[in-house]
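Student: Dropping a prediction and its sequence here:
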Amino acid sequence: PDGSMEEEQLAPSFANREEQEAYIRSWLAEEAGMPEEAKELNIVFYPARYHKYYNSIFALGEICDLIPDEAADVCFLEEPEHLNWYR
């Protein structure tokens, strides 16, 4: 291996949303030490597409439109340097 991005897996991959959500909740409970928050966190997935050239995920549409105003409180993102949302 020469260390190129094509040969490195930079993050875990998941078969489906349920598997990804379980991973997030487990990490929050165990690694972050927030077991109660892990149970109560509302996780919302959005349509997106992975672009290999950029090694990045791009949203397909306006993410904030997926969250109704009455539910708009705080949005936590795994990589906030890529996307931030506050109301």
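Tutor: Sure, I can see it.

Student: Could you check how far the residue lying closest to residue 47 once chain neighbours are set aside is from residue 69?
Tutor: Spatial nearest neighbour of residue 47, excluding adjacent residues (C-beta to C-beta, 6 or more residues apart in numbering): residue 60 at 4.3 Å. Heads up, the C-betas are built off the backbone N, CA and C, glycines and all. Distance, residue 60 to residue 69, by C-beta to C-beta, to the nearest Å: 22 Å.

Student: Packing partners of the helix or strand bottoming out on mean pLDDT in the chain?
Tutor: Lowest by mean pLDDT, DSSP states H and E among the helices and strands of the chain is strand 56-59, with a mean of 81. Packing partners of strand 56-59 (3 or more C-beta pairs under 8 Å, 6 or more residues apart in numbering; DSSP states H and E): strand 48-51.

Student: now the strand it packs on, how far from the chain's geometric center?
Tutor: 13 Å (C-alpha atoms, centre = their mean, to the nearest Å).

Student: got the CA coordinates for that strand in CSV?
Tutor: Taking Å, rounded to 0.1, in the frame of the first residue of the first chain, the C-alpha atoms of strand 48-51 are listed here in CSV:
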residue,chain,number,x,y,z
ALA,A,48,-26.9,12.5,-0.8
ARG,A,49,-24.4,11.2,-3.2
TYR,A,50,-20.7,10.2,-2.7
HIS,A,51,-18.3,11.7,-5.2
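
Student: got the contact list for that strand?
Tutor: 56, 57, 58, 59, 60 (C-beta atoms under 8 Å, 6 or more residues apart in numbering).
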